[in-house]
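Trainee: Predicted model and sequence follow; I will ask about them next.
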Amino acid sequence: MSKKTKDVRIQVILECTEHKNSGLPGTSRYVTMKSKKNTPERLELKKYNPIMKKVTVHREIK
């Protein structure tokens, strides 16, 4: 039997929003886990972008 906690958490991909609009080649993505129960909306975190060499906003993509 599987535990209920495993069913609630899903793996999501975070992609940089500033890098997409800058026109630079490449992309900055992070993989993380989130709880569908606690955060039903899209996740948005500030993460380091190594291509732009600064901290930028990363949003969940589908």
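Mentor: Now that the structure is in, tell me what you want to look at.
Trainee: quick one: the helices in the protein?
Mentor: 4-8, 17-22 (DSSP state H).
Trainee: buried ones in the longest one?
Mentor: Think helix 17-22. residue 19 (16 or more other C-beta atoms under 10 Å). For every residue, glycine as well, the C-beta is placed using N, CA and C.
Trainee: Report the rounded mean pLDDT for that helix.
Mentor: Across helix 17-22, the average pLDDT comes to 86.
Trainee: Which elements pack onto it?
Mentor: Packed against helix 17-22 by the contact rule (3 or more C-beta pairs under 8 Å, 6 or more residues apart in numbering; DSSP states H and E) you find strand 54-61.
Trainee: So what touches the strand it packs on?
Mentor: 12-19, 28-30, 34, 42-49 (C-beta atoms under 8 Å, 6 or more residues apart in numbering).
Trainee: Now that we have those residues, which of them are buried?
Mentor: The neighbour-count test (16+ other C-beta under 10 Å) marks 12, 14, 16, 19, 28, 34, 49 as buried among the contacts of strand 54-61.
Trainee: Quick check: the farthest pair among these?
Mentor: 19 and 34 (21.3 Å; C-beta to C-beta).
Trainee: picking up where we left off before, I'd like the helices of the chain laid out as TSV, including distance to residue 58.
Mentor: Output for the helices of the chain, formatted as TSV (distance: least, C-beta to C-beta, whole Å):
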stretch	distance to residue 58
helix 4-8	22
helix 17-22	7
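Trainee: Across the sheet, point out what pairs with the residue nearest in space to the middle of the chain.
Mentor: With distances taken as C-alpha atoms, centre = their mean, residue 14 lies nearest the centre of the chain, 1.9 Å away. Residue 14 forms beta bridges with residue 30, residue 60, as assigned by DSSP bridges.
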